[in-house]
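Using only what follows, build the 3D model:
(one chain, ligands or ions: 3)
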Amino acid sequence: MTFPKNTPKFTRGELNVYRRPAEVSQVTAALRGVGRNVALVPTMGALHEGHRELIRRAKRLPNTVVAVSIFVNPLQFGEGEDFEAYPRSLEQDFETLRELGVELAFVPEVEDLYGESGVAVTLDPGPLGAELEGEMRPGHFGGMLTVVAKLLNIARPHYAFFGEKDYQQLVLVKRMVADLNLETRIVGVPTVREDDGLALSSRNAYLSEEDRRSAAVLSTALGMGVNAGTDGAEAVLEAAHRELAAHPEIEIEYLELRGTDLGPAPVDGEARLLIAARLGRTRLIDNTPVPLGAAAAGLGDDQDEADHDDVAGDGRNAAPAGTTPSQQGY
Ligand SMILES: Nc1ncnc2c1ncn2[C@@H]1O[C@H](COP(=O)(O)OP(=O)(O)OP(=O)(O)O)[C@@H](O)[C@H]1O
Ligand SMILES: CC(C)(CO)[C@@H](O)C(=O)[O-]
Ligand code: BAL
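Ligands and ions are numbered 1, 2, ... in the order given. Just a heads-up that it's a prediction; the model follows:
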């Protein structure tokens, strides 16, 4: 099978770079037409091991072209945030994509996605969009969902991969896909960490040497919370706060225990502990799953486990190899 006439050039096995949305739409439509699946990994570039893990998971899907978008989206940055300073390293990112065998990179300029006059219609993330990160960064999730919806409409991927490091983002993207009847299957990928536990993030590059040494305390505090899970929600928060209290250089913005959908935490079962904090001029976020009560003692309902996504993961609950998304009923 061949591509329709006038499809932009696409060379199998090489990195094909496109700037214009229409090119990506045409190429991905042609790829779907010849029976290949498309997996999208949306990023803001400055690629690190966390992004690599998302890409590696996507690459494990059979018969799938992995598309990585690199776009620092102005719509999700508030006034006074780091849009201008955000690390950009496009040439190095292309090297990473080549090394990982990515076949499609989408690298639009702002005007390619938003036109000369910008967008008038944007998405409303609903009540959760004003909590946690949304309370600290008003407008952030509306801007994030708007660009993710555009990327999904442009590439029409069968799958899109997002990191659990930005857990609220992952929950909101899944909710958008459900609420707007989009067809992409959203896959969450566990957080990749440095040896001392610090979650990898492009913004770690802002940390001074001294702040970098303190930054691991965020994940240590989350770990202390997890250890207290058998004693319930209050004990989890107390344990995490106790660890953080020994580090006055860390200014906590929020530390909250929620349900896995970011509603109220259950008394017994899996919850999520989320933190945002400032260290000098750097703002960091992190989160972890926390089994509570009997679930923490290993007496939980096995069904909880089966509910997790594990497409292209470590095999647990994974899609059968060699099947296509439509065969799997996605
Ligand atoms: N440590 C990580 N582990 C797993 N996924 C990650 C990690 N860091 C980022 N990601 C995921 O990579 C995707 C692109 O994220 P992005 O390009 O914003 O990088 P980032 O490191 O999160 O940058 P920053 O936090 O500074 O905005 C998102 O889905 C994000 O959740
Ligand atoms: C999903 C995303 C690429 C949208 O701009 C961004 O929020 C990110 O990198 O997490
Ligand atoms: N990685 C989340 C995107 C942002 O902070 O804007």
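
right, is stretch 136-151 up against ligand 1?
No - residues of stretch 136-151 are not located near ligand 1 by Cβ under 6 Å from any ligand atom, the shortest gap being 9.5 Å. C-beta: built from backbone N, CA, C; applies to glycine.

average model confidence for that stretch?
Across stretch 136-151, pLDDT averages out at 98.

List of residues touching that stretch?
Outside of stretch 136-151, the residues within contact range by Cβ atoms under 8 Å, 6 or more residues apart in numbering are 21, 40, 42, 69, 71, 73-78, 81, 106, 113, 119, 122-125, 128-130, 133-134, 160, 168-169, 172-173, 176, 180, 182, 253-254, 276.

Please repeat the previous calculation with a cut-off of 7 Å.
Residues outside stretch 136-151 that contact it (Cβ atoms under 7 Å, 6 or more residues apart in numbering) are 40, 42, 69, 71, 73, 75-76, 78, 113, 119, 122-125, 129, 133-134, 169, 172-173, 176, 253, 276.

what distance separates it from the centre of its chain?
13 Å (Cα atoms, centre = their mean, to the nearest Å).

and what of stretch 196-207?
Offset of stretch 196-207 from its chain centre (Cα atoms, centre = their mean): 15 Å.

Is ligand 2 within reach of that stretch?
No - on the criterion Cβ under 6 Å from any ligand atom, stretch 196-207 is out of touch with ligand 2, staying 8.3 Å away.

In helices, which of the contacts of stretch 136-151 appear?
Of the positions in the contacts of stretch 136-151, 113, 133-134, 169, 172-173, 176 sit in helices, assigned by DSSP state H.

which stretches of the stretch 1-150 of the chain form strands?
16-18, 37-43, 64-70, 104-106 (DSSP state E, counting those that start in this stretch).

Now the element after the lengthiest helix in the chain, going C-ward?
Looking across the chain with DSSP H, the single longest helix is helix 140-155. Sequence order places strand 159-163 as the next helix or strand after helix 140-155, per DSSP states H and E.

just to revisit the earlier point, establish whether the longest helix of the chain and ligand 2 are in contact.
Yes - counting by Cβ under 6 Å from any ligand atom, ligand 2 is contacted by helix 140-155 at 144, 147-148.

Output the residues you listed as a markdown table; include the columns neighbour count.
Converted to a markdown table, the residues of helix 140-155 next to ligand 2 look like this (neighbours: other Cβ atoms under 10 Å):
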| residue | neighbour count |
| --- | --- |
| 144 | 27 |
| 147 | 23 |
| 148 | 26 |
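
which one of the residues you listed is nearest residue 200?
Lowest distance from residue 200 to those (Cβ to Cβ) belongs to residue 144, with 19.1 Å.

Quick check: of the ones in helices among the contacts of stretch 136-151, which lies closest to residue 284?
Out of these, the member with the shortest distance to residue 284 (by Cβ to Cβ) is residue 133, at 11.9 Å.

and the closest residue to the closest one other than its chain neighbours, how many neighbours?
In space, and not counting its chain neighbours, residue 133 is closest to residue 168: 5.1 Å by Cβ to Cβ, 6 or more residues apart in numbering. Neighbourhood size, residue 168 [other Cβ atoms under 10 Å]: 24.

Spit out the contact partners of residue 168.
Counting by Cβ under 7 Å, 6+ apart, residue 168 touches 132-133, 262.

could I get those residues as JSON lines with neighbour count?
Formatted as JSON lines, the contacts of residue 168 follow (neighbours: other Cβ under 10 Å):
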{"residue": "132", "neighbour count": "23"}
{"residue": "133", "neighbour count": "22"}
{"residue": "262", "neighbour count": "20"}
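
can I get the residues you listed in JSON lines with distance to residue 96?
Formatted as JSON lines, these follow (distance: Cβ to Cβ, whole Å):
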{"residue": "132", "distance to residue 96": "30"}
{"residue": "133", "distance to residue 96": "27"}
{"residue": "262", "distance to residue 96": "31"}
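
And the closest residue to residue 110 other than its chain neighbours, how far from residue 253?
The spatially closest residue to residue 110, leaving aside those adjacent along the chain, is residue 74, at 6.0 Å (Cβ to Cβ, 6+ apart). Relative to residue 253, residue 74 is positioned 22 Å away (Cβ to Cβ, to the nearest Å).

Give me the distance between whichever residue of the stretch 51-200 of the chain sits closest to ligand 1 and residue 133.
Distance from ligand 1 to each residue of the stretch 51-200 of the chain (Cβ to the nearest ligand atom) is smallest for residue 163, at 2.1 Å. Distance, residue 163 to residue 133, by Cβ to Cβ: 14 Å.

Same check on residue 57?
Taken as Cβ to Cβ, the span from residue 57 to residue 133 is 24 Å.

near ligand 2, which residues of the chain?
With Cβ under 6 Å from any ligand atom as the criterion, the chain meets ligand 2 at residues 42-44, 73, 76, 144, 147-148, 166, 169.

Measure how buried the residue of the stretch 51-200 of the chain closest to ligand 1 is and give me the count.
Neighbour number of residue 163 under other Cβ under 10 Å is 22.

again, but for the one 10 residues further on
Other residues near residue 173 come to 25 when the count uses other Cβ under 10 Å.
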